[in-house]
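Asks: got a predicted structure here, sequence first:
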Amino acid sequence: MTKEDKMQALRYLDRKGALLISKSSSKICQVLEISKFTLYNYLDEIRERNESI
């Protein structure tokens with residue numbers, strides 16, 4: 001998966017509230033093969049883009 005694919009998946013999960021579930025971030029990182037640091041950087045970038053729209 002490319003970075004953009006992973007960010008699209010995270011955007012979808014974030015909108016659906018999946019990240020509100022306890023310890024879901026660990027499982028998401030495992031599936032997308034990214035670190036938690038990368039996960040939160042991607043989320044910051046996604047949320048920044050949404051604010052500017």
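Replies: Noted; the coordinates are in hand. Numbers count the residues shown, from 1 in each chain.

Asks: alpha carbons only: can I get whichever helix or strand Ser25 is part of in PDB?
Replies: Using DSSP states H and E, Ser25 maps to helix 24-32. Provided in PDB are the C-alpha atoms of helix 24-32 (Å, rounded to 0.1, in the frame of the first residue of the first chain):
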ATOM      1  CA  SER A  24      -7.600   0.000  18.300                       C
ATOM      2  CA  SER A  25      -4.600   2.000  17.200                       C
ATOM      3  CA  SER A  26      -2.300  -0.900  17.900                       C
ATOM      4  CA  LYS A  27      -4.300  -3.200  15.700                       C
ATOM      5  CA  ILE A  28      -4.600  -0.600  12.900                       C
ATOM      6  CA  CYS A  29      -0.800  -0.100  13.000                       C
ATOM      7  CA  GLN A  30      -0.300  -3.800  12.700                       C
ATOM      8  CA  VAL A  31      -2.700  -4.100   9.700                       C
ATOM      9  CA  LEU A  32      -1.300  -1.100   7.900                       C
END
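
Asks: for that helix, buried residues please.
Replies: Residues of helix 24-32 classed as buried: Ser25, Ile28, Cys29, Leu32 (neighbour count, 16 or more other CB atoms under 10 Å). Every residue, glycine included, has its C-beta placed from N, CA and C.

Asks: just the element for the residue most central in space within the chain, please.
Replies: Central residue of the chain (CA atoms, centre = their mean): Leu10, 3.2 Å from the mean position. In the assignment (DSSP H and E), Leu10 maps to helix 3-16.
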